[in-house]
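K.L.:
model the following, please.
(one chain, ligands or ions: 1)
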Amino acid sequence: MGNCIECPFHGWQFRGEDGKCEKIPYTDKVPEVAAVRCWPSCEVNQHILVWFHCDGAEPEWAVPEQEEITKGQWVYRGRTEHFVSSHIQEIPENAADVTHLGHLHIPGFTSGADLRYHYSRLWEFMQHKWEAEWAPEPEPNLHCSKMQLKHSMTFFGFHWSLLDLHVEARQMGPGLVFLRFAHSFLGRGVILQCLTPVEPLLQSVTHTMFYQTSIPPPVPKFLLKAESIQFERDVMIWNNKKYISKPLLVKEDSTILKHRRWYQQFYSQNSPRLQHQRDTLDF
Ligand SMILES: [Fe+2]
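P.N.:
The predicted structure is shown next:
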């Protein structure tokens, strides 16, 4: 309501600027202490985003506007939401893990996301091919990194160029990715990926698709579905893997270490740490 946020349960209204309760619909006496915590936030690309810093520091960078969304040239075409049992760092690290693309994401999307069956004989005639590069961005965008991804498909070993797709995944900070798609005639669009920690080792991940208005909705919906199947393959891994701070890697995995060095900037001395007793089975 106005610049207030209203609780859907009893209708209490809290001021946007300082969190103080302004109105309780069934009483004239609003208690002095009635207030909620106020967070720095912004409304951009049809999302409301909240800045969290464990030391309470003010926002250090702004989320750029995707002009095509603001101007209405790219419109909402669907959303997915997953809850993933993993360390927060695992999900962004996927972009720098370029070697897993050539294994986990090779089988055609039609063979599904269940890793027990996705190497299916039925669908093995269809394969994805990926060429990926990942790098951090220079000043003044040290909080950003970029993956350039070239996707193609083969059927019975023959490349079908109609399905060639270029994807640029630009990560901003630890929790936001712009996945921009460009196809020679199926148009352009973006999936916004938002990662929100819900509790230690539980992450909520949403993907929201915006696509050119001139392209029929089944096209972006198909792309979102295909992306979602590929993402769910990673989810099955994340749900079952443990974060290892010093993994055994080979030369070709070196971008994982680069990503880990880049990601360090998002931690501070007071970042929450998972405590568990190492000498018992109580974890
Ligand atoms: Fe992946």
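K.L.:
how many residues are close by the closest residue to W61 other than its chain neighbours?
P.N.:
With sequence-adjacent residues excluded and distances taken as Cβ to Cβ, 6 or more residues apart in numbering, W61 is closest to H143, at 5.3 Å. Every C-beta, even on glycine, is put in place using the N, C-alpha and C of the backbone. Residue neighbour count, defined by other Cβ atoms under 10 Å, stands at 16 for H143.
K.L.:
same question, the one 3 residues further on
P.N.:
Residue neighbour count, defined by other Cβ under 10 Å, stands at 16 for K146.
K.L.:
what of V198?
P.N.:
If you count neighbours by other Cβ under 10 Å, V198 ends up with 10.
K.L.:
and the helix or strand encompassing it, what does it pack against?
P.N.:
Assigned by DSSP states H and E, V198 belongs to strand 187-199. In terms of contacts (3 or more Cβ pairs under 8 Å, 6 or more residues apart in numbering; DSSP states H and E), strand 187-199 is packed against strand 47-50, helix 67-70, strand 74-84, strand 176-183, strand 202-212, helix 218-238.
K.L.:
and the first one, what's its mean pLDDT?
P.N.:
Averaging pLDDT along strand 47-50 yields 95.
K.L.:
so what touches it?
P.N.:
Where contact means Cβ atoms under 8 Å, 6 or more residues apart in numbering, the residues beyond strand 47-50 that reach it are 39-43, 63, 176, 192, 194, 208.
K.L.:
that older thread, to the ion, which of the helices and strands packed on strand 187-199 lies closest?
P.N.:
For the helices and strands packed on strand 187-199, distance to the ion was read as Cβ to the ion. The smallest value, 4.0 Å, belongs to helix 218-238.
K.L.:
packing partners of that closest one?
P.N.:
Using 3+ Cβ pairs under 8 Å, 6+ apart as the contact criterion, the elements in contact with helix 218-238 are strand 74-84, helix 90-93, strand 187-199, strand 202-212.
K.L.:
relative to K129, which of those is closest?
P.N.:
K129 sits nearest to strand 187-199 of all the helices and strands packed on helix 218-238, at 20.4 Å, using Cβ to Cβ.
K.L.:
hang on, isn't D164 packed against T154?
P.N.:
No: D164 sits out of contact with T154 when judged by Cβ atoms under 8 Å, with a separation of 11.2 Å.
K.L.:
you'd agree F52 is up against E58?
P.N.:
No: when contacts are counted by Cβ under 8 Å, F52 is not listed as touching E58 (11.7 Å).
K.L.:
count of neighbours near the closest residue to L257 other than its chain neighbours?
P.N.:
When the adjacent residues along the chain are set aside, L257 lies closest to L249, with 6.8 Å between them (Cβ to Cβ, 6+ apart). Other residues lying near L249 total 13 when counted by other Cβ under 10 Å.
K.L.:
does stretch 177-186 reach the ion?
P.N.:
No: Stretch 177-186 lies apart from the ion when judged by Cβ under 5 Å from the ion; the minimum separation is 12.2 Å.
K.L.:
residues of that stretch that come out buried?
P.N.:
In terms of neighbour count (16 or more other Cβ atoms under 10 Å), stretch 177-186 has its buried residues at 177-181, 183, 186.
K.L.:
now do stretch 234-246
P.N.:
Of the residues in stretch 234-246, those buried under the neighbour-count criterion (16+ other Cβ under 10 Å) are 234-238.
K.L.:
ends of it, how far apart?
P.N.:
Start-to-end span of stretch 234-246 (Cα to Cα, to the nearest Å) is 20 Å.
K.L.:
show me what it is in contact with.
P.N.:
Stretch 234-246 has contacts (Cβ under 8 Å, 6+ apart) with 82, 84-87, 89-91, 94, 104, 113-115.
K.L.:
next, count neighbours for the closest residue to T196 other than its chain neighbours.
P.N.:
The shortest distance from T196 to any non-neighbouring residue, by Cβ to Cβ, 6+ apart, is to S204 (4.7 Å). Here the number of neighbours of S204 (other Cβ under 10 Å) works out to 13.
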